Structures are given as C-alpha cells and as structure tokens.
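Using only what follows, build the 3D model:
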Amino acid sequence: MSFNDPIAEMLTKIRNAKAAKHRYVEISLSKEKLSIAKILKEEGFIDNFISSDERRKVRIFLKYNDRKSVINGIKRMSKPGLRKYVGHDQIPYVFGGIGTAILSTSKGVVCDRSARRLKVGGELLCLVW
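Below you'll find the predicted structure:
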C-alpha cells in the first residue's frame, strides 16, 4: 500500500488505535516517523516504541491513565498540498504549553521547546495534546 502522506497515515493510525483502546499500533518504518515516535515518548504521550529493521515496522505502545488515553488529540498541520512553515518566533503554544508541536527543522525533527531553544523554525508537522 502506498500513501501520499505517510505522516498523516501514522497520526490516523495512532488516533484510531487510541479510540479503540488498543495497546499498540504498528506503522511502516521511516526516519521521520521514528523521530516523531521518539518525541512522543520524550514528551510522555506514548509508553514506548520498538523499531524492527527486518520487518520495516515501528510498534508504538500507547499510554493510558485510568483507561483514558494520554493523547487527547493529534492533528496534522502541514500537508503535501499546503506546507506550513513557521519561524522560531511563530511556533504555536499548544494549549498553553500542555501540548507539543512537532517541527521538521534544519536540526532534524524536534519538539516546539527544542526549536525555540535552538532558535530554528521549520515545517510544522503536527500538534499533539
């Protein structure tokens, strides 16, 4: 199966797994998706992730508190048809800093706090809260 927007596919699979209260979700492997999974883990939105090079998959273990998902919402911002770029001074604060914006910058895929600290802007990939 091929998709025009693999990041939107990843976010949709996470959203659907969360709604169905699944323990984990498997997505196809790419460096960018692996970077996004790493940020989701660092920011406390998922429990863990395991990448399998021979199977070309990433298994993302969702995180729940009292049977309620830690991820309340996840939204794709920049799309293939309409890319959204922001400077370091225009990076949005997601729900007053409770959520996280994930950006693709010249320093790699980083969260909003890191991008502000490094003073780099880039493509606004998604928002998670």
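
Spatially central residue in the chain, please.
Nearest to the mean C-alpha position of the chain, counting by C-alpha atoms, centre = their mean, stands I36 at 4.3 Å.

Show me where the chain dips below the pLDDT cut-off.
Within the chain, the ranges that satisfy pLDDT under 70 run 1-3.

Show me where it has its helices.
Remark: helices assigned in the chain by DSSP state H are 6-19, 31-42, 112-118.

can you list the domains in the protein?
Under automatic domain parsing, the residue ranges defining each domain of the chain are 6-69, 74-128.

what about the closest residue to A101 other than its chain neighbours, neighbour count?
Excluding the flanking residues, the one nearest A101 by C-beta to C-beta, 6 or more residues apart in numbering is D112, at 3.9 Å. Every residue, glycine included, has its C-beta placed from N, CA and C. By other C-beta atoms under 10 Å, the residues close to D112 number 23.

got the contact list for D112?
D112 makes contacts with I91, P92, Y93, V94, T100, A101, I102, L103, as judged by C-beta atoms under 8 Å, 6 or more residues apart in numbering.

measure the fourth one to V128 for me?
Plainly put, V94 is 7 Å away from V128 if you go by C-beta to C-beta, to the nearest Å.

the more surrounded of these two?
V128 (23 against 18).

how close does that one sit to L11?
Distance of V128 to L11, given as C-beta to C-beta: 9 Å.

joint contacts of the two?
In contact with both V128 and L11: I74, K75, using C-beta under 8 Å, 6+ apart.

Now do the contacts for L127.
Contacts of L127 by C-beta under 8 Å, 6+ apart are G73, I74, K75, M77, P92, V94, G99, T100, A101, I102.

Same list, those, but as a markdown table with distance to N16 please.
Below are these laid out as a markdown table (distance: C-beta to C-beta, whole Å):
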| residue | distance to N16 |
| --- | --- |
| G73 | 13 |
| I74 | 11 |
| K75 | 14 |
| M77 | 19 |
| P92 | 25 |
| V94 | 21 |
| G99 | 20 |
| T100 | 20 |
| A101 | 22 |
| I102 | 19 |
